[in-house]
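Engineer: Next input, structure requested:
(2 chains)
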Number of protein chains: 2
Amino acid sequence: MSTKQQIENVYDVIEKSVPAEALGAVHQLLYGGSPVVLDIPAVALELAAKEDFEIKSYAIPAKDEQRRAARRVKIAAIQNTIYAATTAPVVEQYKAIEAKISVMIDAAAASGANIVVLQEAWTCPFFFCTREKEPWLEFAESATNGDSVKFIQRKAKELNMVIISSILEIDEEHADTIWNTAVVVSNNGGIIGRSRKYHIPRVGDFNESTYYFESQDPQQTVFETAFGTIGVNICYSRHFPQAWQCLALNGAEIIVNPSATTDGLSEPLWSIEARNAAIANSVFTVGINRVGSETFPNEFTSGDGKPAHKTFGHFYGSSYVTGPTGMRTPALSRTRSGVLISEIDLNQCRQVRNSWNFHMCARWADYAKFYNEQLKPDYKRPIVRDPSLPAKKKDE
Amino acid sequence: MSTKQQIENVYDVIEKSVPAEALGAVHQLLYGGSPVVLDIPAVALELAAKEDFEIKSYAIPAKDEQRRAARRVKIAAIQNTIYAATTAPVVEQYKAIEAKISVMIDAAAASGANIVVLQEAWTCPFFFCTREKEPWLEFAESATNGDSVKFIQRKAKELNMVIISSILEIDEEHADTIWNTAVVVSNNGGIIGRSRKYHIPRVGDFNESTYYFESQDPQQTVFETAFGTIGVNICYSRHFPQAWQCLALNGAEIIVNPSATTDGLSEPLWSIEARNAAIANSVFTVGINRVGSETFPNEFTSGDGKPAHKTFGHFYGSSYVTGPTGMRTPALSRTRSGVLISEIDLNQCRQVRNSWNFHMCARWADYAKFYNEQLKPDYKRPIVRDPSLPAKKKDE
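Structural biologist: Numbering: from 1, shown residues only, chains lettered A, B, ... in the order given. The predicted structure follows:
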C-alpha cells in the first residue's frame, strides 16, 4: 500500500495533526499516556547523525515504594537495515552490519542503556524467502564462539551492558541442528544462556521451518541479569499469548521480542500483540523489528500468485516498549535504522500485579485441565446447539 | 482526567485532524484498515434521534470462497446508561432501562441485525461499588423466567434475532447462589443456554466477589445459533488470554465481551485486549461497555485514599468489533448510549486461520504440560542466574 510507505511514524502524524487541547487525551486513549521524553547526550546524537540512524529516549514513570528501592534500568532496542549487497561474500555482509551495530550500541551506551536488544537474526539478511540453503546457511554460527557472539561479548564487557543477540545458530553438539537463537550476554561479557524460537511461521515468504527447528525447551527458561530478569520470545512467537505468559510466570520482568516482519498482514497486529502481553502479564515488553527491504541475487516467488521477484520486504521497523500499565513509547521509524532507549522501573511489575490481580485470578488449574482435555483425540467440543435449528446433514 | 472527558471518540478526532492524504495509512496502522460504512435505514435513524442514542453501521469485508457460501451476519452491540435515579424502586429502575433497550433493539432490527449483544448487567445500575446488598440484590433474577429474560425472549422471537443478555442471576436450583450470567436466547425465543463470568475482579470499586460466584463451568461452553457459533467472555475475563482462547478452541466464531468498566486503569487496555483476542484466535470479538456515571443514595469509598462520594464511573462506552485480520470498527461514543451494527462474514475465521496458522503452530501439549508443572507446590522457576552476580542474601 503506497500511502503507508509515506508514513514514517503514525505517532508523529498524530502529534502534528491533532489539536493541542485534545492531544493529551488522544495519547492517553491510544498509548496509555505520554512517557517522559528524555534528553539524548550530544555524543549519542552525533553518532546517530554521522551514521544515519534515529535515536529516541523515553521514561515510563512508576511509583516509589517504602520497602524496595526503585530498580530503574534503561533498555535499548536496536533495529537495523542490512548494510552490504546480498551478493557480497557472507563475511563481508556480516562485517558491514557489525560495524554499524557497534556504533549503535555505543550510542545506546552513551545514552545510559544497561540492556541492549537486537532484532531477530541481526547478523544477516532475512534470506528465508529464497528457500536456497547456500550460501545463506554460512551465516549460521556457534552460539558460544561464533563471530557475532565474540563481538557482542566484547561490547557487553567494554560497555557494562547486558546484550541480547538474536542469531541463526548451528549447534555442533546436536548434529549441526540449526536454531533461531537469542544469546543472552552478561554485562561482564560472559554468556548467561540462550533462548530459542518456540513457534515457527509457515506463511508467505517466511519459509523458516525449512531452515531451523523449534525450540525443545518447554521450560521457558528466563535469565536473571544485573539489570533484571529477562525472557526472550522470538518473532512469530509473539502471536501466542501463552509464550509471553510462561516467561512471565517464570519470573521475567522484561520480555523481549526480536522480530523480522514485513508490512501487509502483520503490521496492524504489531502494535497490539506485545502491548497486550505487557498488560496481560504485568511486565515490560520490547518489540524490536527489522527495517527496510532486502534484494536477493535470484528471483523467488511468494506463494501469492504474483510474478517472481528479487526483493523481500518492506520490514517496517516500529520497535517500541510497553509497560505493565499498558503505557507504551512511540515507535521507531518505519523505514530507518534506530535506537530506542526506555527508562523503566522493574518494581512497576509488582505494583501493577497488586493493583489488577490478573495473576491471582487466572484459574491456572482450570485452564491446564482444559488444555489437556481438548487435546484428546476423542475430544468433543461443548457446543450447545439451538434445538430449533434444522438437523445437520451427514456431511456437516 | 478532564481532557479525556471532552473526547467523545478518538477515531473521530483523528479523522477530523489527520490530513486526507495520510488518513488511509493512519487507519491501516491504527485500526487494521477502514471497514465499509453502511447506510442506516431512516426508521432506525429516527428512533435514534427520538430516543437520543447513537447508531453506527460498518461492514468488515471478507473473501469469497468456491466451496462455502458467504455466511454474512449482522451483529449489534448495544451500550447504555441507566435511565432512572438509583433511588427509585428497583422495578421502576429496571423498567426505565427496559423501555429504552426495547427501542434500541428495534433500531438494531431495522438495521438488519441478526444478533444483539447487551452490556454486562444491563438490567440495573452497577451497584457493586456500594457493598450494600439491599436493595440491589433485588435486581438479581432467574435466568429462565426472570423479568428481563421474558422480555428478551419476546423481542428475540418478534424480531428474529439471537440476543445475548447479560444479567445478575439468582439460581434457585443451587441454594440461591448469585451468578453474573449471560443468557443466550434463540431467534425463535427459546433459551439456548447460559454462560457465567469466569474471572471476577478484586480491584477498586469492583467489589464483585462480594456479590456473586465464579463460573464453575471449566468446559467453556459455546452456543451454536442460527447466526453463528458464539462464545461469551464477561467483563474482567477479557484480561485473560486463555478465556478467549478456550472459547475459540471450542468453536466460537464470535466471542462477545459484555463489560462495565470505568476510565482510569482500564481505558488504555480496552482497545487492545478484545482486539488481541480476535487476532490470536482468528475470530470476531465484540467488546460492549456500559456508558455514563451512576450516582448512588449512600456514600461509599473507593479504596484510593479519596473522600467518600456517591458517584461511580465514568463508564466510557467505546464498544467495538474486531475481525480476525485485526481490522476493527470505530468505537461507539465514550458518553452516550448507542447501537453499533457490524456486518461480518463468519467464513473469515477459517480464511485467516489458513493464512496465519496460529492454531496449528500453537504447541498446545507443551503449554498444557507447563501449566500443570508450574502449579506444583514445589515448582522452581527455570531462572538461569548470571553466575557473576553477587550471591543472594538469605532473605532475598
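Engineer: need the helices for chain A, in chain order.
Structural biologist: A:2-6, A:10-17, A:20-31, A:42-51, A:90-110, A:147-159, A:241-249, A:267-281, A:348-356, A:364-375 (DSSP state H).
Engineer: how about the residues of the stretch 101-250 of chain A that lie near chain B?
Structural biologist: A:186, A:188, A:190, A:192-193, A:198-203, A:214, A:218-226, A:229, A:236, A:239-242, A:245-246, A:249-250 (C-beta under 8 Å from any C-beta of the partner chain). Any C-beta I mention is one placed from the backbone N, CA and C, and that applies to glycine too.
Engineer: Selecting buried members of these in ChimeraX, what would you type?
Structural biologist: Under the burial definition 16 or more other C-beta atoms under 10 Å in any protein chain shown, those of those that qualify are selected in ChimeraX by:
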select /A:186,188,192,193,198,199,200,201,203,214,218,219,220,221,222,223,224,225,226,229,236,239,240,241,242,245,246,249,250
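Engineer: ok so, going back, could the helices of chain A go into a markdown table alongside distance to B:Arg67?
Structural biologist: Listed next are the helices of chain A as a markdown table, based on distance: least, C-beta to C-beta, whole Å:
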| stretch | distance to B:Arg67 |
| --- | --- |
| helix A:2-6 | 33 |
| helix A:10-17 | 39 |
| helix A:20-31 | 40 |
| helix A:42-51 | 54 |
| helix A:90-110 | 46 |
| helix A:147-159 | 49 |
| helix A:241-249 | 31 |
| helix A:267-281 | 28 |
| helix A:348-356 | 45 |
| helix A:364-375 | 27 |
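Engineer: so can I have a markdown table of these showing distance to B:Ser148 and mean pLDDT?
Structural biologist: Formatted as a markdown table, these follow (distance: least, C-beta to C-beta, whole Å; pLDDT from 0 to 100):
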| stretch | distance to B:Ser148 | mean pLDDT |
| --- | --- | --- |
| helix A:2-6 | 47 | 53 |
| helix A:10-17 | 42 | 95 |
| helix A:20-31 | 32 | 94 |
| helix A:42-51 | 61 | 98 |
| helix A:90-110 | 58 | 98 |
| helix A:147-159 | 63 | 98 |
| helix A:241-249 | 34 | 96 |
| helix A:267-281 | 32 | 98 |
| helix A:348-356 | 30 | 96 |
| helix A:364-375 | 29 | 90 |
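Engineer: Out of those, the one nearest A:Arg336 is which?
Structural biologist: Proximity to A:Arg336 (C-beta to C-beta) singles out helix A:42-51 among these, at 10.1 Å.
Engineer: From chain B, how far off is the spatially most central residue of chain A?
Structural biologist: For chain A, the residue nearest the mean C-alpha position is A:Asn257 (2.3 Å; C-alpha atoms, centre = their mean). As for A:Asn257, its distance to chain B is 14 Å (criterion: C-beta to the nearest C-beta, to the nearest Å).
Engineer: Hmm, that residue is touching A:Ala278, no?
Structural biologist: No. Counting by C-beta atoms under 8 Å, A:Ala278 is not a contact partner of A:Asn257; they are 10.5 Å apart.
Engineer: so what sits against both of those two?
Structural biologist: Common contacts of A:Asn257 and A:Ala278, defined by C-beta atoms under 8 Å, 6 or more residues apart in numbering or on different chains, comprise A:Thr285.
Engineer: what residues are up against A:Asn276?
Structural biologist: Residues near A:Asn276 by C-beta under 8 Å, 6+ apart: A:Pro241, B:Pro241, B:Ile272, B:Glu273, B:Asn276.
Engineer: let's see 6 Å
Structural biologist: A:Asn276 is in contact with B:Ile272, B:Asn276, counting by C-beta atoms under 6 Å, 6 or more residues apart in numbering or on different chains.
Engineer: go on, the one 4 residues further on?
Structural biologist: A:Ala280 is in contact with B:Pro241, counting by C-beta under 6 Å, 6+ apart.
Engineer: Check A:Ser333 too.
Structural biologist: Here A:Ser333 is in contact with A:Glu8, A:Asn9, A:Glu54, A:Gly317 (C-beta under 6 Å, 6+ apart).
Engineer: Could you rerun that using 10 Å?
Structural biologist: By C-beta atoms under 10 Å, 6 or more residues apart in numbering or on different chains, the residues touching A:Ser333 are A:7-9, A:12, A:53-54, A:56, A:79, A:291, A:316-319, A:340.
Engineer: Please list which of those are also close to chain B.
Structural biologist: Contacts with chain B within those, as defined by C-beta under 10 Å from any C-beta of the partner chain: A:Ile7, A:Asn9, A:Tyr316, A:Ser318.
Engineer: can you count the residues close to the last one?
Structural biologist: Around A:Ser318 sit 29 other residues, with neighbours defined as other C-beta atoms under 10 Å in any protein chain shown.
Engineer: Ignoring the adjacent residues along the chain, who's closest to it?
Structural biologist: In this structure, A:Ser318 finds its nearest non-sequential neighbour in A:Ala331, 4.1 Å apart by C-beta to C-beta, 6 or more residues apart in numbering or on different chains.
Engineer: likewise the first one?
Structural biologist: Computed as C-beta to C-beta, 6+ apart, the closest residue to A:Ile7 that is not its neighbour in sequence is B:Ala25, at 4.6 Å.
Engineer: Surely that neighbour touches B:Ile14?
Structural biologist: No. At 11.7 Å, B:Ala25 does not count as touching B:Ile14 under the criterion of C-beta atoms under 10 Å.
Engineer: coming back round to it: just among the contacts of A:Ser333, which is most surrounded?
Structural biologist: Within these, A:Gln79 tops the neighbour count with 33 neighbours, counted by other C-beta under 10 Å.
Engineer: Just the pLDDT for that one.
Structural biologist: Listed pLDDT for A:Gln79 reads 98.
Engineer: cool, and A:Met1?
Structural biologist: 41.
Engineer: do A:Gly313 as well
Structural biologist: For A:Gly313, the pLDDT comes out at 84.
Engineer: My understanding was that it contacts A:Ala260; is that so?
Structural biologist: Yes. With contacts counted by C-beta under 10 Å, A:Gly313 reaches A:Ala260, the gap being 9.3 Å.
Engineer: neighbours around A:Gly231, how many?
Structural biologist: The burial count for A:Gly231: 29, using other C-beta under 10 Å.
Engineer: dump the residue contacts of it.
Structural biologist: By C-beta under 10 Å, 6+ apart, the residues touching A:Gly231 are A:182, A:184, A:195, A:220-223, A:243-244, A:246-257, A:281, A:283, A:285, B:383.
Engineer: next one: phi and psi at the nearest residue to A:Arg202 once chain neighbours are set aside?
Structural biologist: In space, and not counting its chain neighbours, A:Arg202 is closest to B:Asn357: 5.3 Å by C-beta to C-beta, 6+ apart. The phi and psi torsions at B:Asn357 (degrees, to the nearest 10) take the values phi 70, psi 20.
Engineer: Correct me if wrong: B:Asn357 contacts B:Arg350.
Structural biologist: No. Using C-beta under 10 Å, B:Asn357 is not in contact with B:Arg350; the gap is 11.7 Å.
Engineer: Point out where the stretch 151-300 of chain A drops to low pLDDT.
Structural biologist: Filtered on pLDDT under 70, the stretch 151-300 of chain A yields no residues whatsoever.
Engineer: show me where it has strands.
Structural biologist: Here the stretch 151-300 of chain A has its strands, by DSSP state E, counting those that start in this stretch, at A:162-171, A:177-185, A:191-196, A:222-225, A:228-232, A:254-259, A:284-289, A:291-300.
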